[in-house]
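Student: I would like the atomic coordinates for the input below:
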Amino acid sequence: MNYLENLKNTAKKNKSIVCLGLDPIIEDIPCETGSIGERISEFYDKMLSKMVQSKIMPSAAKPNYAFYAQYGLDGLQALVNVISYCKSAGLPVILDVKRGDIGKTAQAYAKESFDFFNVDAVTLAPYMGYDSVKPFMQDFPNKGYYILTKTSNKSSGDIQDINCNGSPIFVHVANKILEWYEPGIGSVVGATFPEQLRLISQKFIDSNKDVPLLIPGIGAQGGSISEVLNILKDFKDITIHRINSSGGINFAYKQKPGKDFADAAVEALDELNTEIGQFITF
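Tutor: Predicted coordinates for the structure are as follows:
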């Protein structure tokens, strides 16, 4: 099964296009015994187990490498554990590493992601051009490769919006994604910039190529679910796309006094799935 098929199958099975960001903040994790890595592992094991038990699921998981690596080897062991929990739950795993090097270094990063961590997709920075993307796609076909295109952060326009030959840089990146196209190559586009999301989406729609979008920026960053879904509905197959939510689900217990953290996370995920489900028929 290639990555696109994995996305479609999981979305239909779980009736969801939510990507669950798994970004541990140790100060907000209520598991209080063991090492930092053990506390992170317990937190996500209980959360994902409760989702499976409740049959309320996302349709991808996205651990951010840095949130684990900051805790050293203990944190990286937790990342290995969390990826295993996600795999056991039947979720495609996107490792958010934003790699962007070339040559043998890029090959080494690709082996780390796909051989060692055994994930299904990665995020990649295109600043160094195709040389930074090719080793991932060439050495590991049938995986997913999300290229940073128009990111959700406020200062993304410092470079991504620069006008070059009549178009902003992010449009040139979108064009390169189509030029480099193989099934599995995708695009990271933030929900915080709906007009840019619409422009990029239309370019992919017009190409008649299946380019999966990974869309961060809803919730705390201010992106609108309804705006995003009004754009995505124009794609022939919405099930290849993923809308990411991290803190709003991970730490939902902080907004739901008295609830167990895992129960609160399931409830928050259910609310998001229901909101998105008003726009989609699986």
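
Student: Would you confirm that Tyr145 belongs to a helix?
Tutor: No - counting by DSSP: H, G, I helix; E, B strand; the rest coil, Tyr145 is not part of a helix but strand.

Student: Isn't it up against Leu124?
Tutor: Yes - using C-beta atoms under 8 Å, Tyr145 makes contact with Leu124 at a distance of 5.8 Å. Bear in mind the C-beta positions are built from the backbone N, C-alpha and C, glycine included.

Student: shared neighbours of these two, which are they?
Tutor: Counting by C-beta atoms under 8 Å, 6 or more residues apart in numbering, the common neighbours of Tyr145 and Leu124 are Val133, Phe136.

Student: which secondary structure element contains Tyr127?
Tutor: Using DSSP states H and E, Tyr127 falls within no helix or strand.

Student: Tell me the confidence at the closest residue to it other than its chain neighbours?
Tutor: Counting by C-beta to C-beta, 6 or more residues apart in numbering, Gly100 is the residue found nearest to Tyr127 once chain neighbours are left out, at 5.6 Å. You'll see Gly100 listed with a pLDDT of 96.

Student: ok, now the one 10 residues further on?
Tutor: In the prediction, the pLDDT value recorded for Ala110 is 98.

Student: So which bits of the longest helix along the chain are buried?
Tutor: Ranked by residue count and defined by DSSP state H, the top helix of the chain is helix 36-54. Neighbour-count burial for helix 36-54, with 16 or more other C-beta atoms under 10 Å as criterion, is recorded at 36-37, 39-48, 50-52.

Student: Can you tell me which of the residues you listed is nearest Glu227?
Tutor: Taking C-beta to C-beta as the measure, Met51 is the one of these closest to Glu227, at 26.6 Å.

Student: so the closest one sits right up against Leu269, yeah?
Tutor: Yes - using C-beta under 8 Å, Met51 is in contact with Leu269, at 6.7 Å.

Student: Which residues are in contact with each of those two?
Tutor: Common neighbours of Met51 and Leu269 are listed as Met57, Pro58 (criterion: C-beta under 8 Å, 6+ apart).

Student: Give me the nearest residue to the spatially most central residue of the chain, chain neighbours excluded.
Tutor: Central residue check for the chain by C-alpha atoms, centre = their mean: the C-alpha nearest the mean position is that of Lys62, 4.7 Å away. Leaving aside its chain neighbours, Lys62 sits nearest to Ile94 (4.3 Å; criterion: C-beta to C-beta, 6+ apart).
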